[in-house]
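S.K.: Sequence below, structure please.
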Amino acid sequence: MKRFSDRDRVKVLALGKEGHVRIPHYVRNQIGHVIGYCGTYLNPEDLAVGNTSGQAVDLYRVAFEQRQLWADKTIPKNDMLIIEIYDHWLAPAQETSDAP
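M.R.: The predicted model follows:
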């Protein structure tokens, strides 16, 4: 059962994992909103080290305002960055102490 639905506000966690984990640093600790559910897949972090017996993880498409990520006033207000993020990197935004 998936944890998030379209329009849910989510915070990207900073899990402190090393190596290539598919979560760019510029979205860690940022708040975005879910715009789609992509399905359930084996965790690519496990697959990268040869672990093919891991549990499948939900994958979400999350949108962020680009001005929120980069302090550049020349970025148009409505420009969005959309990225796919696995469930274990996400927390409901209301459970964090961060304001929108």
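
S.K.: what sits against the residue located most distally from the centre of the chain?
M.R.: Distance to the chain centre peaks in the chain at Thr74, reaching 24.7 Å (criterion: CA atoms, centre = their mean). Under the criterion of CB atoms under 8 Å, 6 or more residues apart in numbering, Thr74 has no neighbours. Heads up, the C-betas are built off the backbone N, CA and C, glycines and all.

S.K.: So what does it look like in phi/psi?
M.R.: Comment: the main-chain dihedrals of Thr74 come out as phi -80, psi -10, following degrees, to the nearest 10.

S.K.: Asp87 now?
M.R.: Dihedral angles of Asp87 (phi, psi; degrees, to the nearest 10) stand at phi -50, psi -40.

S.K.: Could you measure from it over to Lys77?
M.R.: Taken as CB to CB, to the nearest Å, the spacing of Asp87 relative to Lys77 amounts to 30 Å.

S.K.: Neighbour count: these two, which is higher?
M.R.: A side-by-side neighbour count of Asp87 and Lys77, using other CB atoms under 10 Å, places Asp87 first with 17 against 8.

S.K.: helices and strands of this structure: which one has the lowest mean pLDDT?
M.R.: Every helix and strand of the chain was ranked by mean pLDDT, DSSP states H and E. The lowest is helix 44-47, at a mean of 87.

S.K.: which outside residues touch the top strand by length along the chain?
M.R.: The longest strand of the chain (DSSP state E) is strand 31-42. Counting by CB under 8 Å, 6+ apart, strand 31-42 makes contact with 2, 4-12, 52, 54, 56-64, 68, 82, 84, 86, 93, 96, 98, 100, all of which sit outside it.

S.K.: Return the set of buried residues in that strand.
M.R.: When burial is assessed from 16 or more other CB atoms under 10 Å, strand 31-42 yields the following buried residues: 31-34.

S.K.: Can you name the residues bridging to the residue positioned nearest the centre of the chain?
M.R.: For the chain, the residue sitting closest to the mean C-alpha position, by CA atoms, centre = their mean, is Ile85 at 3.8 Å. Following DSSP bridges, Ile85 is listed with bridge partners Tyr60.
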